[in-house]
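Chemist: compute the structure for the input listed below.
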Amino acid sequence: MSRFYFSNINIAAKAISQLVNLRILIKIFQII
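Modeler: Here you go, the predicted structure:
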């Protein structure tokens, strides 16, 4: 159970980091 929980946290962290990267790229393109 705990292993499944931690794997879900890892997946969520990766998804959040990808969303943050996309938002940063969008801001950079808006500046350009």
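
Chemist: average pLDDT for the host helix or strand of residue 25?
Modeler: According to DSSP states H and E, residue 25 maps onto helix 2-31. The pLDDT scores in helix 2-31 average 92.

Chemist: count the residues that sit near residue 17.
Modeler: Using other Cβ atoms under 10 Å, residue 17 has 10 neighbouring residues. Bear in mind the C-beta positions are built from the backbone N, C-alpha and C, glycine included.

Chemist: residues of the helix holding residue 25 that come out buried?
Modeler: Buried residues in helix 2-31, defined by neighbour count with 16 or more other Cβ atoms under 10 Å: none.

Chemist: could you measure from residue 32 over to residue 10?
Modeler: Distance, residue 32 to residue 10, using Cβ to Cβ, to the nearest Å: 33 Å.

Chemist: so what's residue 17 up against?
Modeler: By Cβ atoms under 8 Å, 6 or more residues apart in numbering, no residues touch residue 17.

Chemist: going forward, count from 39.
Modeler: Happy to do that; since the first residue is 39 now, the last one works out to residue 55.
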